[in-house]
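**Student:** the following comprises the amino acid sequence and a computationally predicted model.
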Amino acid sequence: MKVVVISASPRKIGKTQTIMKYVSEYVLDNDAGISPLEVKFINLSEGGIDYYTGDGNFSNANSVASEYLENGQSALESAVRGASIEESNAQNSTVGYGGAPDREGNVSLDACVMNHFGDCGSVVAVKNIRSVASLAKDVMEKTPHVMLAGDGAEEFAISQGYKSEDLLTNSSKKEWMKWLERSNYKPIINIENHDTIGILCIDQKNNISGACSTSGLAYKMKGRVGDSPIIGSGLFVDNKIGGAVATGMGEEVVKTVGSFLIVELMRQNYSPQEACEIAIRRILEKEKNKPEFQVAYIAVNKNGEIGAFSIHEGFGYCLYRNKKNRFYKSKSFYYK
């Protein structure tokens with residue numbers, strides 16, 4: 001069964017958006033018996049075609065990853081396949097194609113992966129290549145290195161058959177040009193609910209792997225790199241213990257090596273939830289006032305227990321379990 005929803009009105013007009021939202025939720029409920037891979041949401045607005053992918057909670061990416069897991073694929077392959085969904089989603093300004101550019105108008109992407117053997121791969125400041133999580137996997141599997149950066153990473157991608165393309169969409173370009181009028185750099189808490197996609201998977205062999213992908217902070221300085229491609233900061237996995245991923249202000253995550261910290265806390269028998277909360281408090285220890293930035297963590301241990309915690313309200317995550325894909329709001333340090 002295939003489901004196609006076509007709209008002739010702009011996505012932000014209430015009734016159309018509401019209908020598409022309900023259809024999306026129906027499809028993502030596995031009781032419906034519909035594969036997310038068979039569903040396309042098409043919007044014919046302003047003379048163009050784009051795709052509705054939900055409410056910014058990455059549920060489609062999670063559904064695709066879970067389908068690969070159900071089909072017996074490895075945790076790493078499933079995580080990378082899930083990440084690729086958002087990397088190709090032009091409506092998401094924080095990942096891949098359509099990601100927000102730097103101050104000079106160039107889109108550069110970062111990503112890393114880590115498998116259950118402890119092998120890892122990373123790419124930094126990559127231009128013109130959208131599927132950077134997959135590229136990071138290729139760095140891990142096809143080179144003697146852990147990290148490739150800039151032109152070297154792009155050249156490697158081309159040699160492996162990746163398509164070179166302009167990642168700056170008209171929508172992202174318009175927002176960048178508006179920003180140029182003020183040039184006021186200030187990270188926005190919970191922009192698109194995340195500024196990174198991080199995926200942790202446990203496969204049928206009970207192996208844990210993860211992937212992390214981002215276009216970085218909007219209008220960042222040229223060459224800026226955050227936590228996402230840094231093993232131990234944006235992502236860390238120990239197959240005997242568990243894994244963790246981060247999102248938010250990358251500089252703050254790097255300072256505390258957040259994902260590694262969480263896994264080490266779980267090694268000390270803290271639950272994933274306790275470990276995430278301790279990691280957030282570690283960041284806040286040096287903040288005299290309520291910070292104007294967001295950081296959030298997700299963790300899973302070998303038993304499949306989940307933890308999630310953020311500095312501010314508004315962070316959420318998708319969890320696939322028992323053939324159900326559900327969106328959850330995480331707890332936060334500051335709340336109303």
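**Tutor:** Okay, I see it. Numbers count the residues shown, from 1 in each chain.
**Student:** so for the residue nearest to G150 when sequence neighbours are not counted, what's the pLDDT?
**Tutor:** The spatially closest residue to G150, leaving aside those adjacent along the chain, is A125, at 4.8 Å (CB to CB, 6 or more residues apart in numbering). C-beta here means a position set from N, CA and C on the backbone, and glycine is covered the same way. According to the prediction, A125 has pLDDT 97.
**Student:** and A125, how far is that from T247?
**Tutor:** Remark: distance between A125 and T247 (CB to CB, to the nearest Å) = 19 Å.
**Student:** next helix or strand past the helix or strand harbouring A211?
**Tutor:** Assessed by DSSP states H and E, A211 sits inside strand 208-214. Going down the chain from strand 208-214, the next helix or strand is strand 235-238, by DSSP H and E.
**Student:** alpha carbons of that following strand, as CSV, please.
**Tutor:** Written as CSV, here are the backbone C-alpha positions of strand 235-238 (Å, rounded to 0.1, in the frame of the first residue of the first chain):
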residue,chain,number,x,y,z
LEU,A,235,28.8,10.6,19.7
PHE,A,236,30.3,7.8,21.6
VAL,A,237,29.6,4.0,21.7
ASP,A,238,31.0,1.2,23.9
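**Student:** helices or strands up against it?
**Tutor:** strand 109-114, strand 208-214, strand 242-248, helix 258-267 (3 or more CB pairs under 8 Å, 6 or more residues apart in numbering; DSSP states H and E).
**Student:** got the angle for the last one vs strand 242-248?
**Tutor:** In this case it means helix 258-267. Between helix 258-267 and strand 242-248, the angle formed by their directions is 150 degrees, by axes from the mean of the first three to the mean of the last three CA atoms, to 10 degrees.
**Student:** number of residues surrounding the residue nearest to G150?
**Tutor:** 22 (other CB atoms under 10 Å).
**Student:** that one reaches S108, doesn't it?
**Tutor:** Yes - with contact defined as CB atoms under 8 Å, A125 reaches S108; the gap is 4.7 Å.
**Student:** quick revisit: what comes up buried for the strand holding A211?
**Tutor:** The neighbour-count check on strand 208-214 (16 or more other CB atoms under 10 Å) flags I208, S209, G210, A211, C212, S213, T214 as buried.
**Student:** what is the nearest of these to K240?
**Tutor:** Of all the buried residues of strand 208-214, the one sitting nearest K240 is I208; the distance, using CB to CB, is 9.3 Å.
**Student:** beta partners of the closest one?
**Tutor:** Applying DSSP bridges to I208 yields these beta-bridge partners: I202.
**Student:** show me this structure divided up by domain.
**Tutor:** What the record gives for the chain is the domain set 1-52, 56-332, from automatic domain parsing.
**Student:** need the winner for burial among the ones you listed.
**Tutor:** Mean neighbour count, computed with mean count of other CB atoms under 10 Å, is highest for domain 56-332 among the domains of the chain, reaching a mean of 21.
**Student:** quick one, strands of the stretch 1-150 of the chain?
**Tutor:** Remark: strands of the stretch 1-150 of the chain, listed N- to C-terminal, are 3-7, 39-45, 48-51, 109-114, 120-126, 147-149; assignment by DSSP state E, counting those that start in this stretch.
**Student:** mean pLDDT for the domains of the chain: which is lowest?
**Tutor:** For the domains of the chain, the bottom mean pLDDT is recorded on domain 1-52, which sits at a mean of 49.
**Student:** quick check: the spatially closest residue to I197 that is not a sequence neighbour vs I311, distance?
**Tutor:** Across the structure, with CB to CB, 6+ apart as the measure, the residue nearest I197 apart from its sequence neighbours is E86 (4.8 Å). E86 sits 23 Å away from I311, taking CB to CB as the criterion.
**Student:** out of the helices and strands packed on strand 235-238, which is closest to G82?
**Tutor:** For the helices and strands packed on strand 235-238, the distance to G82 is smallest for strand 208-214, at 7.4 Å, taking CB to CB.
**Student:** tell me what angle the closest one forms with strand 120-126.
**Tutor:** Between strand 208-214 and strand 120-126, the angle comes out at 0 degrees (the same axes, to 10 degrees).
**Student:** relative to strand 109-114, how tilted is strand 208-214?
**Tutor:** Angle, strand 208-214 to strand 109-114, by the same axes, to 10 degrees: 170 degrees.
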